[in-house]
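# would you be able to build a 3D model of this:
(chains A and B)
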Amino acid sequence: MSLFGTNTGFGTGGTGVFGSTTTDSHNPMKDVEVSSPPDDSISCLAFSPPTLPGNFLIGGSWANDVRCWEVQDNGQTVPKAQQMHTGPVLDACWSDDGSKVFTASCDKTAKMWDLNSNQAMQIAQLCYDRQLGQNTEGTLFWDTRSPNPMMSLQMPERCYCADVVYPMAVVATAERGLIVYHLENQPSEFRRIDSPLKHQHRCVAIFKDKQNKPTGFALGSIEGRVAIHYINPPNPAKDNFTFKCHRSNGTNTSTPQDIYAVNAISFHPVHGTLATVGSDGRFSFWDKDARTKLKTSEQLDQPITACCFNHNGNIFAYASSYDWSKVQI
Amino acid sequence: MPVCQFFLQGRCKFGDDCWNEHSREGGRGGGGGGYNSNNRGPPPQQNRGGGGFGNKVWVNPSQQRGGYVQPSSFGSRNNDQWSRRDGGGGGSDWGRGGGGGGGGSFGRRENIKSSEFGFSQNRFSALDTPSTFDKGRRAATTTRGDEDNSRICETIQSDMEVWESSGQWGFSTYSHAKNPLSGFSDLSPEELRLEYYTSRASGNLQNYINGINQLLSQWRSRVRELKVMNASTRAALITELNSTVSQESSTGFGSTDTGSAFGSKSFGASDQLSTFSFPGAPATGFGSPSVLPSTGFGSASSAPPTSGFAGAPTAPPPPGFGGAPTAPPPTGFGATSPPTASSFSFAASDKTSNAAPSGFGSASGFSFSAGTGGGFGTGFGATATTTSTFGSTSAFGQPSTSVPAPAVPASGATDSLFSTESSLTSEELNQFKAKRFTLGQIPLKPPPANLLVV
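Next up, the predicted model:
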C-alpha cells in the first residue's frame, strides 16, 4: 500500500509520471512501490535525517507495527526491520542522530526504538496520542534520558496534529485550536492563534525561512483548504493566506464540488515548496511564496494518508491507504 | 507594481483599471478622471477592485496570477448596500464582512482608505490583524447591523450547502468567524477509527455503528437547519454570534425560546457551566445545551442538538471520547438498546421541530469519561416518557480547568439539574460514585449535586 515516488528536480515534474490508461489506478503515477507494505492503513512516514548515510524510511500503521525500509539509490526498497506496539501506531519520528526512532501509538505508549540493537524501550505512558510527546490534554515534553516527562503543558483540547522544528513547535487541536510553543530552554507556550480555517484541523507542518529558521506553518483542514500562517509577519493581512486544494472540479462553480480532507503536508527541505496529500487520492506540490500550484498527481484509488520528503528532497514518499474519511453508513 | 504617476497627480484616466499601482493616498480624483469604476457592470472576477473603491492597495498582485486562491468576487454590489453574495461557494471575503459590519464605521461609501479593511485573499485576515478597526469594532459592539447579520447568515447558509453537497468530513467543528457555531462536534477520523477498532475487538460493532448513525443524523439535521435558516435558527445564531465574545460563558443553554423546563437560561448564565458538552435538546424540553466548544466546552444555543459523540468503550477510551479524565466528555450518546432510547434517538426528531437531540440513550452505547469528577451524569436524554424531569443533563465534562460546576446550579434550576440521592437507585448511585461509567449502566438521571467534584 505504500508507494514511493522519486522526483529529481523538484517542481519540474518528476520522472516516471505517465497518464494512467489502465483501470487499475492504485499506482497511476507509476512510482516505485515499497516492498512489504504494512497490512493496514499507514498513519505516518518519516525519512531518516541527513546524519545517517543512505535513506531509511519508517512507516507506522494501524496494524500496530512500525516498519523500516532502506531506500536505495535506484529506488528499490529493502525492508529492514519492524517493531510492534499493542495498538495502532499514530506517529513516528527520528532522533537527530538517526540512530533511534520514536513511535507513538494508541496503546498510550511511546517507544524509543534503537535501530542498532533493534530494541524498543517504552519511554512514555501517555494518554491518547497523536504525535510523539503529545497527548490529548497536555503536551508532554520528553527528555529521552529520563523516564518521566520533563514537562507538561495543558492544552485546551485534544491534539490532532503537531509539528516540531526546533525551536518551534505547533500543535493544532480540536475545536480549531492552535498553539505555538517555544522550545528553547524550557518549553513554553508562545502563543495561541485564532485559527484561520473554518473547519477541523487535520495536519500541520512548519516551514522555515531562508535562514533556516522556523517562521510559520501550513495548516490543513478537512475542508480541502490549507492556511499558510507566519508567526510574525510584517503584514499579516497580506502574508497569511489560505488556499483551496483537493477538491474535485477546479473552477467550475456550477456543480457542487467534492471536498476532501488534506491528510498531510510536508515541506521540501531545500526548495521550501510544499506537498499536500488528500483523501481524494492525489498529491499536489505548491509554491507558497509564488502562491501557485506546481503539480497535481493523477488520482489514486485510495486516499493518501501520509507523505514525507527525504533529507535532501530527492525522494518523496507517499502512502495510499484508507483514511476513514467515508463514514456514511 | 510601479506606482502610477498620473494617479499621484490625481489624473489617471484608467481609474481602477489602471495597471499601475494606485496608492490610497492622493489621487482620489483619479477614479473619477474619466472612468468611474462603478459603471463597469459586473466587476471582473479577478479582483480589479470591485466597484466603488478608488484604491487598489488591497488587491494583492499575486492574486492576479490566477493562483490557486479563489479571487474574491464581488457579485453584485452597490455602494450603499454592502450586500455581497458569495461567488462560488463560500468564498466570500470575511474580512469585508467584518468590516462592513462595523455599522459603517468606515464610511462604506466614499472613503475606503483603509486597506486594513481586509481585502486580501485571506478572508480571515481580519481575524489576525489586531490593529484593524475590525477587531476593535468587533470587540466593542455586541450588536451588529442587520445587514451584517443577514450577510453572515447567508454565508453560513452557503457554507452549509457546500458542506452538505461536497461529501467532506462531517464531524467537524465549523465557525464563521472566531467562534464556532454550536451544534457541531469535532471528531477526527482517527478517533472514530480507533473507536471502530476497539469496538471490533470487543465485539461491539453494533454500538459503533449506531453511534456513528446518530452522529451523522445530528450533523445532517444541524446542517439542514442552518441551511434553511428559519427565523428561530437565525435569531439563535445571531445571539450566539454576538454573545460569544467571552467563550467561557455559556449563553443559554439548551432550549431557550421554547421555554423548556429547565431554567436553562439561568443555568447557562453561570459561567461555570461552560464546561460541558452536551447534546442539546431544546424544544421538547429535554434541555441540554448543545455542545460547543470554542474552548471545548459546550456553550449552548437554543436550537441545535449536537454533538456529542461517542464515548469509547471502557477499554482504554480514547480521550476523544472522553476517556481521558481531562477530556471534555463527549457526551456520548448512545446507542441502543432500550427501546425507549432508540425510539428516542431517531423518532424524536419527528416530534421536535429541531432535530432532535438524538442520542441519548442508554448508555450502552458509548461510555463517557467520567472524567475527573466521578459521575457527571451524562445521561441525558431520555426517553420520551420522562421528559418532564429532564433537565439536567449536565454532564460536565470537565477538564480540570473548569470550574466547580457542581457548585452551581444556576439559581432556580437546582432541583431539576441534579437529582437527589434518594431518587437514584443504588446502581445509579454506584455509577456516579465510580471513577468512570461502565458501558450499559450509565444512568439516565442527572447526578446528585454533592457527588460532583471538581
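
# what kind of secondary structure is B:Glu147 in?
helix (DSSP: H, G, I helix; E, B strand; the rest coil).

# run a quick neighbour tally on it.
16 (other C-beta atoms under 10 Å in any protein chain shown). (Each C-beta comes from the backbone N, C-alpha and C, glycine too.)

# kindly check the end-to-end length of stretch A:162-178 for me.
10 Å (C-alpha to C-alpha, to the nearest Å).

# show me where pLDDT drops low in the stretch 51-200 of chain B?
B:51-146 (pLDDT under 70).

# from memory B:Leu192 sits against B:Trp169, does it?
No. Counting by C-beta atoms under 8 Å, B:Trp169 is not a contact partner of B:Leu192; they are 9.8 Å apart.

# what about these two, which has more around it?
More neighbours surround B:Trp169 than the other of B:Leu192 and B:Trp169, with 28 against 24 (other C-beta under 10 Å).

# can I assume that one is in contact with A:Ile222?
Yes. Using C-beta under 8 Å, B:Trp169 is in contact with A:Ile222, at 4.0 Å.

# do stretch A:191-206 and chain B meet?
Yes. Counting by C-beta under 8 Å from any C-beta of the partner chain, chain B has neighbours in stretch A:191-206: A:193-200, A:202.

# point me to the helix or strand that includes B:Phe171.
Following DSSP states H and E, one finds B:Phe171 outside all helices and strands.

# let me see the contact set for the closest residue to A:Leu300 other than its chain neighbours.
Spatial nearest neighbour of A:Leu300, excluding adjacent residues (C-beta to C-beta, 6 or more residues apart in numbering or on different chains): A:Gly281 at 3.9 Å. Applying C-beta atoms under 8 Å, 6 or more residues apart in numbering or on different chains to A:Gly281 gives the contacts A:299-304, A:320.

# drop anything exposed from these.
A:300, A:302-304, A:320 (16 or more other C-beta atoms under 10 Å in any protein chain shown).

# one step back: can you put the residues of stretch A:191-206 next to chain B in a markdown table and add neighbour count, pLDDT and secondary structure?
Converted to a markdown table, the residues of stretch A:191-206 next to chain B look like this (neighbours: other C-beta atoms under 10 Å in any protein chain shown; pLDDT from 0 to 100; DSSP: H, G, I helix; E, B strand; the rest coil):
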| residue | neighbour count | pLDDT | secondary structure |
| --- | --- | --- | --- |
| A:Ile193 | 20 | 86 | strand |
| A:Asp194 | 14 | 85 | strand |
| A:Ser195 | 26 | 86 | coil |
| A:Pro196 | 24 | 87 | coil |
| A:Leu197 | 23 | 87 | coil |
| A:Lys198 | 26 | 86 | coil |
| A:His199 | 25 | 87 | coil |
| A:Gln200 | 28 | 87 | coil |
| A:Arg202 | 29 | 87 | strand |
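
# what's the farthest-apart pair in the residues you listed?
A:Asp194 and A:Arg202 (17.5 Å; C-beta to C-beta).

# residue 187: neighbour count?
In the absence of a named chain, this looks at chain A. For A:Pro187, using other C-beta under 10 Å, the count is 20.

# that's the wrong chain, I wanted chain B
28.

# next one: phi and psi at A:Asn55?
Note on A:Asn55: its backbone torsions stand at phi -120, psi 120 [degrees, to the nearest 10].

# what is it paired to in the beta sheet?
Applying DSSP bridges to A:Asn55 yields these beta-bridge partners: A:Val71.

# again, but for the one 5 residues further on
For A:Gly60, the beta-bridge partners under DSSP bridges are A:Cys44, A:Val66.

# my guess is it meets A:Ile42, correct?
Yes. At 7.1 Å, A:Gly60 and A:Ile42 qualify as touching, with contact defined as C-beta under 8 Å.

# mind checking the SS state of A:Asp97?
A:Asp97 - assigned by three-state DSSP - is coil.

# who touches it in this structure?
A:Asp97 neighbours (C-beta under 8 Å, 6+ apart): A:49, A:51-52.

# quick one: which of those is nearest chain B?
When these are ranked by distance to chain B (C-beta to the nearest C-beta), A:Pro49 comes first, at 25.9 Å.

# is chain B contacted by the helix or strand containing A:Thr242?
Using DSSP H and E, A:Thr242 maps to strand A:241-244. Yes. Using C-beta under 8 Å from any C-beta, strand A:241-244 reaches chain B at A:241-244.

# look up how far A:Pro303 lies from the residue nearest to A:Leu300.
Separation of A:Gly281 from A:Pro303 (C-beta to C-beta, to the nearest Å) stands at 5 Å.

# need the residues touching each of the two.
A:Ser320.

# derive a ChimeraX selection command for the buried subset of the residues of strand A:241-244 next to chain B.
Those of those that count as buried under 16+ other C-beta under 10 Å are selected in ChimeraX with:
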select /A:241,242,243,244
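
# list the buried residues in stretch B:215-234.
Of the residues in stretch B:215-234, those buried (16+ other C-beta under 10 Å) are B:215-219, B:221-223, B:225-227, B:229, B:232-234.

# give the residue spans of the stretch 51-200 of chain A that score low on pLDDT.
A:117-154.

# enumerate the residues of the stretch 151-300 of chain B near chain A.
B:159, B:161-163, B:165-176, B:178, B:180, B:186-194, B:196-197, B:209, B:212-213, B:216, B:293-296.

# are any of those residues buried, and which?
B:159, B:161-163, B:166-176, B:178, B:180, B:186-194, B:196-197, B:212-213, B:216, B:293-296.

# tell me the one of the contacts of A:Gly281 nearest chain B?
Nearest member of these to chain B, counting by C-beta to the nearest C-beta, is A:Pro303, at 9.7 Å.
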